[in-house]
Every structure is written in structure tokens, then in C-alpha cells.
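*Asks:* Provided below are the primary sequence and the corresponding predicted coordinates.
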Amino acid sequence: MASARSAALLALLLICAAFSAPAAAAGAAKAKGVSGHAAAPPCWDLGTRGECVASGGGSRCRWCRSEELDDMCFGAAEAWRLPRQVFSCDPPAGVAHARK
């Protein structure tokens, strides 16, 4: 009876491993990006305005300035939600050119 339990447990472990391997490979491929290069760093890891604006052609990250807190790079959705009384964020790259 113990050997039957061991065999069933081994089979269950093999099934779980078979289903988790493709998911792990897909996660690794997603982290590298479609072209095989490393994915862009998160916006909050970009320390200067130039790096922030250059990331994703200016569409992915926004540089936000504050009198009370440190200036920082935020993702576009995060920058939109920041309180306007505290932060002033750069507009998207396409918006500045569209107003001319």
C-alpha cells in the first residue's frame, strides 16, 4: 500500500512539473521581451529626466516635479493619478507637438 501511495505521489508531482514548466518558460520569455532583449526597467528606476523621457519614446514614463518631494519618474497611469497640488508632470511626447 505504501508503494501505491509513493507511485501516486510521484505521478502527481510529475504532472504538476509538466504544467508549471511551460508557464515558467513563458514568464522568462516575457521578461526578456519579444526580441530577446531585456525588458525596459520600471519607470521608478530611472533617475534622471532624460532617462525618463527617453524610455519608450516618452509614451511609457512621465517625469514629475515637486516642491515638497523629490522629482521622480512615474509610469503614465501613475502620473495621471498623482495629486496636482504636489506634482507637476510632463505631458506625453505627442501632446506637446500636437498643440503647435
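*Replies:* Alright, I've got the coordinates.

*Asks:* Could you list the domains of this structure?
*Replies:* The record's domain parsing of the chain by automatic domain parsing lists 1-38, 43-98.

*Asks:* Can you give the contact residues for stretch 80-90?
*Replies:* 49, 53, 62-66, 68-69, 74, 79 (Cβ atoms under 8 Å, 6 or more residues apart in numbering). For the C-beta atoms, the positions are set from N, CA and C on the backbone; glycine is no exception.

*Asks:* From those residues, pick the one nearest Cys43.
*Replies:* Cys43 lies nearest to Phe74 out of the contacts of stretch 80-90, by Cβ to Cβ, at 5.7 Å.

*Asks:* Give the other helices and strands that the helix or strand containing the closest one contacts.
*Replies:* In the assignment (DSSP states H and E), Phe74 maps to strand 72-75. Judged by 3 or more Cβ pairs under 8 Å, 6 or more residues apart in numbering; DSSP states H and E, strand 72-75 is in contact with helix 49-54, strand 61-66.

*Asks:* Mind giving me the packing neighbours of the first one?
*Replies:* Counting contacts by 3+ Cβ pairs under 8 Å, 6+ apart, helix 49-54 packs against strand 61-66, strand 72-75.

*Asks:* what do you get for the last one?
*Replies:* Counting contacts by 3+ Cβ pairs under 8 Å, 6+ apart, strand 61-66 is packed against helix 49-54, strand 72-75, helix 76-81, strand 87-89.

*Asks:* what does the model give Ser55 for pLDDT?
*Replies:* What the model reports as pLDDT for Ser55 is 83.

*Asks:* got TSV for the helices and strands packed on strand 72-75, with distance to Pro92 too?
*Replies:* Converted to TSV, the helices and strands packed on strand 72-75 look like this (distance: least, Cβ to Cβ, whole Å):
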stretch	distance to Pro92
helix 49-54	10
strand 61-66	7
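
*Asks:* By mean pLDDT, show me the worst of the ones you listed.
*Replies:* For the helices and strands packed on strand 72-75, mean pLDDT drops lowest on helix 49-54, to a mean of 89.

*Asks:* List the buried residues of that helix.
*Replies:* Buried positions in helix 49-54, judged by neighbour count with 16 or more other Cβ atoms under 10 Å: 52-53.
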